[in-house]
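**Q** Have a look; sequence and predicted model below, questions after that.
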Amino acid sequence: MPPSSPPPIDFSQLWALSPEILLTLWGLVLLLVDVGPLRGRPGSSRRKTVGSLALIGPIGVFALLLAPLVAGPGAGGGDPDPTLVYGTIAGDPLATSFNGVIALLLAMVIGMSMAWDFTEHWGAYFALLLWAAVGMMVLVAAEELLILFLALELMTICLYLAAAFEKDKRRSAEAGMKYFVYGSVASALFLFGLSLLYGLTGTTFLDGIRRVLVESAAATGEAGGLSGDLVGATAVLLILVGFGFKLAAVPFHQWAPDTYEGAPAPVSAWIASGSKLASLVALMKVLLHALAPWAGAVGGEAGGGWVLIVAAIAAATMTYGNLAALAQRNLKRMLAYSSIAHAGYMLVGVLAAMVTVRSGSSAAEAAGAVLFYLVIYSLTTVGAFAAAAWLARGLGRDDIDDLDGLGVRSPGLAVCLAILMLSLIGLPPTAGFVSKLAMFLEVLNADASARSTLLLLVALALVNSVISAFYYARVLRALFLRRSDRSPGPAPRGVSWPIVLAALAAVGFGLEPAPLVDSMRSAASAMLTITLPPSPPDLPAPAPVAAIPVSGGMAMQK
Amino acid sequence: MSDNLLLSLLWALPLAGSVLVLLVPGRSDLAVKGTALGVSALTFALSLVAFSSYLSGGLAETPLADRAALNTLTVAEGTGAVSLVDEPGDLVFRGPWIPYFRIQYFLGLDGISLSLVLLTGLISLLACLASWGIDRSVKGYFSLFLLLLASMMGVFLALDLFLFFVFFEFMLLPMYFLIGVWGGARKEYAAIKFLLYTLFGSVFILVAILVLYFYAPDGAEPLHTFDALRLMARTEHFTGTIFGFGVQSVVFALLLIGFLIKLPAVPFHTWLPDAHVEAPTPISMILAGILLKVGGYGLIRLAWPLAPVGAFELSWVVAVLGVVGILYGALAAMAQTDFKRLVAYSSVSHMGYVTLGLAAMNLIDPRYYSYGVNGAMYMMIAHGITSAGMFFLVGVVYDRLHTRDLGQLGGLMNAMPVFGGVTMLIFFGSMGLPGLCGFVAEVFVVLSAFNYSYGLAILAAAAVVLTAGYILWALQRVLLGRNDSHRGLPDMSMREVAVAAPLVVLTVWLGLFPQSVLGWVGPSVDRVVAAVASANGAMPEAEEVALSDAAGGSSR
Amino acid sequence: MTGGDIPLSWFLLFASAAFAIGLFGVLARRNAIAVLMAIELMLNAANINLVAFWRYSDSPGPEAGPIAGVMLAIFVITVAAAEVAVGIALILLCYRRWHAADVDRYDSLAG
């Protein structure tokens, strides 16, 4: 095949990308509807119309995801695990199931957004939410670093803008600005790491990078790890920093509390759930697959790798997040620190998944447990942010104390909120407990050599969960132990159904976790077995650039 | 009734009741209270059914482990098909729950747990009756109350560590709200303190459970089970060290801290007085009568049998903690001016006897150890009855005078003779007056302590004087003297008498006929002791000695 | 090797220097526009890396996979443009609220 003509795209495979395509186009439609037929209508009526239209987006995604199930296998695109667009995007169970989760979260966020008039530009706002979802979906499916970077940028650029959407509020503009500055610096760091990685391996495909690293490790006879490899270490570090910002892991978390507090509640929810979810999945793909040969050892053995860095970040993240959350009075700010803490717990799970992979096992249990935790966390945290939307609508503010007395005024929703808090603490019989325990069980199950280190991390995480009970209990106290004259009034439908849905999920998956655990496991095993498309002959083994002798200060040994 | 149905109903019935209460139509508080009372009574009746089938089936003579071994559960690899064998009528049930981690729905009763199940049923019924005066958010109160009952039952029934932990944690929530919403002036502080202390304790327990699940000595596979009985049968698996400490010592220390916080023992007790003082009367009854027993139950059922070698190594720590608790609790009780706080500290003191009784082991001759554990067990039952009664009586006073300040009470004997008589009897029972229930327990514990350490035993025996001191002084300040402002106070109502009467009867009955309880609790306790003794290499024939002697010894 | 006279390391050192200057600018400058420029510098440093690596690799061209360094760089330029547009919009918004372009002044949120 001549180099100038790459193989044509197989359009039938684009079926697997239909959710992304649908949401992209639907976002455009929303924009046009808002500036066209609805021009001149008052804000609140446009909010209702455009919001209801926006809900069709995630519903359409569900329909597209369910269609193959209803129509039987082979109806949609044929191949159940297609690799799309020259192998840069996967259409595997991981992508499919997370498309569903992202669509669900999107629907909840849209619902919350319809609670009150915080902006005039509803078409643009909802379009941004939808396009951010497209970014998340591609991010989860990306098998290649450029696509991954583009998806990351699509997601965050939409969110920078959405965060600043609350009119008349200084703090919203500030939230967008801070998010933008931190986020784009993180992108730049990530990109620089990416460029170094490309230089070292000659490819940007996750699987290609892995192959090159495995081969060079075999050539040099080293067991892995990064000791002595300055450029490799820099690349890994920069990529970790980039993801650390997106996940709000300590010490790259400073933007999160300000952004979550300042942004409108639905956008904060979207950042805390969807963005974190997609970034963590992408991080796991990069670490567990592409960079796995550089992991290094956990317990005692020689050879430093990124595992030690991740362990340190995890410990610092969960501890700092919890301690800082103790001092918070604002509900969204408290949830921000809580989301930092949860990122720490999840990194412990990522660590365990790594140790499992390193021990030569292809078992996806540990990675599956992390995904399970991630989904449960995302659902509950969106539900909790819905409470902030409720307060913002009724009272124009969202401190924890503003929840006072809701246990009497709206007992049903208050009980649902309480369930969400219990799930975030990790108390039985909620899904938060089961997912946390399942993840920690897998952590301890991972590999005997690393067990004592991991046991320490788990113990730290458990102590942290107790600390977290203190600030989550503030919400319980406000709901049930306090009385107040101020009331945000009855919850609008857009707020109540996300809360109820999240609470139902928290209890339902707490009592019967098996179905979700199963699907997350198959998603995880798809994640760990990504490969380049088998057929195309135009993909020879990538040639590492760094074999070139380099003069100057940089030692490139791989 | 099949084992599954009976055992599951014991916790599921109150759980269903807690939902049912919310669904009671209309605004009638009486209907809500009636429903809750009915559910509590039915639960108690179920525990009596379990009791009768335990006695009639002769189950006291069959070790729990043997009964459990007849109930098997296999989950097919891959397909997940479940096949289980349930031996009927043995009060053990093993079902599937979360197969991934081999988590079972494993319930069972033996003398130790059955006695506490009975106690739970009874005290809850009485506490429900004592809750008649609740007038704020009645539905919420009784719903949480029944939720609490369900989780307490579950704790005593569960034989799978994971299941146990789920119930154990779940107890906190209803308790948090019951104290926090219906409590006294500092309810928020007391509720969060209770929640954090117990959550913190449960982390230790969870870590211990995880260690048991995952620990593997060199060259061996981890056991990978939460089945408490299987872990107990394989204690020899837990040799070696973690972080330089013996694995059994680590497990025991973790479980010990977790359960001592719940018990509570000095120095982990500071949540208790606050929780008691702020909690409404019926909740105090439950807290003292049952929740504290969860700590003791955890020690007897889990800590000692799961890590017998570690328990032996650390027994002196536990014993010293016990004696310190006895003395500190008694001295602190003496210093109180709040009637309820005094009773709360007396609980700390009495729980010290439980700790001492468990710890005071002399494995050269397991008889004495058996005395100690039997004494501890008896103390839990006796204290469950007397402390519930004491808190109830404090509540009776508070309802009438709206004060618990001992300086303002006095002379109640004249105004309320029935109340005075009941108070005398129950407080004497708590003090350990011969012929009443507390006495039997204290004798057993002190007797075994003598064989462990003279010094500790003498201190524990001397504490009896302190106990008598604060109880008599309290009675004097409450009942005796003249106080004209209290003249004309109504005496105990029929409902209040109905709550107090069973407690009075049991206080006397247990004092006079200890064998009526020890006869069926003792064998189970002795088997625990024998297992611990043989794990520590003492007396290969320990089982026979302990079995034959406890029956004789307790009737003396 | 196809690189001509200038060794690869020169490009890499240049890119690293540009990246470091950009990072310093982000951390040290307080003017929002200057911060934006510094971020652009960092992105372009990565671009130089990408192009240099592509040019100096043993097998430049389509054989290295359908997406080579140059294509990466082109996409990054597009992304950078989008980021600038968004960044300027946000700076304008903040300027209207505070009448200042100094990032330290934006401090309604803290704690």
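**A** Done, it's in.
**Q** In this structure residue A:21 contacts residue A:14, no?
**A** Yes: using C-beta atoms under 8 Å, residue A:21 makes contact with residue A:14 at a distance of 7.3 Å. The way it works is simple: take the backbone N, C-alpha and C, and place the C-beta from them, glycine included.
**Q** Could you check which of the two is surrounded by more residues?
**A** Per other C-beta atoms under 10 Å in any protein chain shown, whichever of residue A:21 and residue A:14 has more neighbours is residue A:14, with 16 against 13.
**Q** Secondary structure class of the closest residue to residue B:102 other than its chain neighbours, three-state.
**A** Nearest residue to residue B:102, sequence neighbours excluded (C-beta to C-beta, 6 or more residues apart in numbering or on different chains): residue B:225, at 5.5 Å. Using DSSP: H, G, I helix; E, B strand; the rest coil, the secondary structure recorded for residue B:225 is coil.
**Q** show me the contacts for residue B:225.
**A** Residue B:225 makes contact with B:102, B:213, B:231 under the criterion C-beta atoms under 8 Å, 6 or more residues apart in numbering or on different chains.
**Q** Closest one of those to chain A?
**A** Using C-beta to the nearest C-beta, residue B:213 comes nearest to chain A of the contacts of residue B:225, at 7.4 Å.
**Q** neighbours around the closest one, how many?
**A** By the other C-beta under 10 Å criterion, the neighbourhood of residue B:213 contains 20 residues.
**Q** What is the burial count for residue 36?
**A** With no chain named, the answer covers chain A. Residue A:36: 10 surrounding residues under other C-beta under 10 Å.
**Q** other chain: chain C
**A** Residue C:36 has 23 nearby residues by other C-beta under 10 Å.
**Q** Which helix or strand contains residue A:250?
**A** Here residue A:250, judged by DSSP states H and E, is contained in no helix and no strand.
**Q** My understanding was that it contacts residue A:316; is that so?
**A** Yes: counting by C-beta under 8 Å, residue A:316 is a contact partner of residue A:250 at 4.4 Å.
**Q** Between those two, point out the one with more neighbours.
**A** Shown here are residue A:250 and residue A:316; by other C-beta under 10 Å, residue A:250 has more neighbours (23 against 16).
**Q** Next, show the common contact partners of residue A:250 and residue A:316.
**A** Jointly contacting residue A:250 and residue A:316 under the rule C-beta under 8 Å, 6+ apart are residue A:344.
**Q** Which of the contacts of residue B:225 fall in helices?
**A** Cross-referencing the contacts of residue B:225 against helices under DSSP state H gives B:213, B:231.
**Q** residues contacting the closest residue in space to residue B:204 that isn't next to it in sequence?
**A** Ranked by C-beta to C-beta, 6+ apart and with sequence neighbours excluded, the top spatial neighbour of residue B:204 is residue B:258, at 3.9 Å. By C-beta under 8 Å, 6+ apart, residue B:258 lies in contact with B:201-205, B:208, B:298.
**Q** What of residue A:107?
**A** A:55, A:58-59.
**Q** Among those, name the buried ones.
**A** The neighbour count (16 or more other C-beta atoms under 10 Å in any protein chain shown) marks A:55, A:58 as buried among these.
**Q** ok, the contacts of residue A:107 vs chain B, which is closest?
**A** So of the contacts of residue A:107, ranked by how close each gets to chain B (C-beta to the nearest C-beta), first place is residue A:58, at 30.6 Å.
**Q** Spell out the secondary structure type for that closest one.
**A** Secondary structure, three-state DSSP: residue A:58 is helix.
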